[in-house]
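Peer 1: Need a 3D model of the sequence below.
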Amino acid sequence: MMKRILAIVLSLTMMWLPAMGADQSAGKISALIPSATRNAQPVQNKDALQWNDLLQTAQTGRLRASLTDGSILSLGSNSQLRVVQHDAASQQTSLEIGYGKMRSRVVKITQPNGKFEVKTPNAVIGVIGTDFYVAYENDLTTVICYVGQVTVAAQGAAKVVRQSQNATSNQGQTTLSPGQMVVIGMKVPPAGFAPESDVVQASMLDTRINPTVFIAQPKFWIPVVVGAVGGGIATGIVLTHNGGSSTVIPPPAVCAASFNVKCAK
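Peer 2: Coordinates of the predicted model:
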């Protein structure tokens, strides 16, 4: 009798677990430049994202994922991203970049225990609500803050091998403000690093799905045209620092009828 009861309980449990997984929605694919995969299968626009989904892009692929809390992830070519967890209600998000490049526009964290965390093989990046870039290539993690504030902590034996002059470090954690960057790794590459301005510009281009117009708070941002590609205007924003310098920050990608981008309706 006891064995029969245990068998029934086990059967009900097995039925319940898939249902839990089905409820773990993280968002959907909202723009796509083929080719890309989700869990090793070709990905399509409007495909739903679940917890623990693995997204990969090939040399010719890029994609945009819209999370359920309104955050936007733009994955560049030759990149791999795992959506470990995304709970919009509790604002608990955990992402893992195996390799490649990603830009994230993250909604503001307001829940007391909320977090938005991105991990690479040698660093952990945390944000409260911001626009930032993360890349992992050649054993180096590069993080650039476009808007807001980003914290970066090296993991294992890795350390800061490059950072912006005004970035602050404390107890193994680097804090970035707009326009600042940090690189985590074991050592400086033999060829050294490219100029900071070149790295920032490349990060924007490498994760852009297609151009758009972005309107931000007028007292902080001024819209500017930064280029024209394929008949479309790429519009960005200029952040003016107290010291008089400025940083051109283009908007995250949105859907438009250009660049052969497949967009969700």
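
Peer 1: switch to C-alpha atoms for all contacts and neighbour counts from now on
Peer 2: Will do.

Peer 1: Would you mind listing the residues in contact with the residue nearest the centre of the chain?
Peer 2: In the chain, the centroid-proximal residue (CA atoms, centre = their mean) is Ser104; its distance is 3.4 Å. Under the criterion of CA atoms under 8 Å, 6 or more residues apart in numbering, the neighbours of Ser104 are Ser71, Ile72, Leu73, Ser74, Thr130, Asp131, Phe132, Tyr133.

Peer 1: Selecting buried members of those residues in ChimeraX, what would you type?
Peer 2: Taking 16 or more other CA atoms under 10 Å as the burial criterion, the selection of buried members of the contacts of Ser104 in ChimeraX is written as:
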select :71,72,73,74,130,131,132,133
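
Peer 1: a markdown table for the contacts of Ser104, including pLDDT, distance to Leu55 and secondary structure?
Peer 2: As requested, the contacts of Ser104 are arranged in a markdown table below (pLDDT from 0 to 100; distance: CA to CA, whole Å; DSSP: H, G, I helix; E, B strand; the rest coil):
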| residue | pLDDT | distance to Leu55 | secondary structure |
| --- | --- | --- | --- |
| Ser71 | 96 | 16 | coil |
| Ile72 | 96 | 14 | strand |
| Leu73 | 97 | 11 | strand |
| Ser74 | 97 | 11 | strand |
| Thr130 | 92 | 22 | coil |
| Asp131 | 96 | 20 | strand |
| Phe132 | 97 | 19 | strand |
| Tyr133 | 98 | 17 | strand |
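
Peer 1: now the contacts of Ser104 in TSV, with distance to Val161?
Peer 2: Rendered in TSV, the data for the contacts of Ser104 read as follows (distance: CA to CA, whole Å):
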residue	distance to Val161
Ser71	30
Ile72	29
Leu73	26
Ser74	26
Thr130	24
Asp131	23
Phe132	19
Tyr133	17
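
Peer 1: of the contacts of Ser104, closest to Thr93?
Peer 2: Using CA to CA, Ser71 is the member of those that sits closest to Thr93, with 10.3 Å.

Peer 1: Over to Val200. Which of the three states is it?
Peer 2: With DSSP: H, G, I helix; E, B strand; the rest coil as the basis, Val200 sits in helix.

Peer 1: secondary structure element for the nearest residue to it once chain neighbours are set aside?
Peer 2: Closest residue in space to Val200, ignoring its immediate chain neighbours: Ile144 at 7.2 Å, by CA to CA, 6 or more residues apart in numbering. Secondary structure assignment for Ile144, by DSSP states H and E: strand 140-147.

Peer 1: For the helix or strand following that strand, what is the distance to the chain centroid?
Peer 2: Toward the C-terminus, strand 140-147 is succeeded by strand 150-154 as the next helix or strand (DSSP H and E). In terms of CA atoms, centre = their mean, to the nearest Å, the centre of strand 150-154 is found 14 Å from the chain centre.

Peer 1: Report the buried residues of stretch 106-119.
Peer 2: Within stretch 106-119, the residues that qualify as buried by neighbour count (16+ other CA under 10 Å) are Val106, Val107, Lys108, Ile109, Gly114, Lys115, Phe116, Glu117, Val118, Lys119.

Peer 1: follow-up on the earlier one: the residue nearest to Val200 is in contact with Gly179, isn't it?
Peer 2: Yes: the pair formed by Ile144 and Gly179 meets the contact definition of CA atoms under 8 Å, at 7.0 Å.

Peer 1: For those two, work out which one has more neighbours and name it.
Peer 2: Comparing Ile144 with Gly179 by other CA atoms under 10 Å, the one with more neighbours is Ile144, at 27 against 24.

Peer 1: beta partners of the more buried one?
Peer 2: When bridges are taken as DSSP bridges, the partners of Ile144 come out as Tyr133, Met181.

Peer 1: who touches it in this structure?
Peer 2: Phe132, Tyr133, Val134, Leu176, Gly179, Gln180, Met181, Val182, Val200.

Peer 1: For Thr207, the count of nearby residues, please.
Peer 2: 23.

Peer 1: distance of the residue lying closest to it once chain neighbours are set aside from Ser66?
Peer 2: With CA to CA, 6+ apart as the measure, Gly76 is the residue that lies nearest to Thr207, at 4.6 Å, once sequence neighbours are left out. Between Gly76 and Ser66 the distance, using CA to CA, to the nearest Å, works out to 15 Å.
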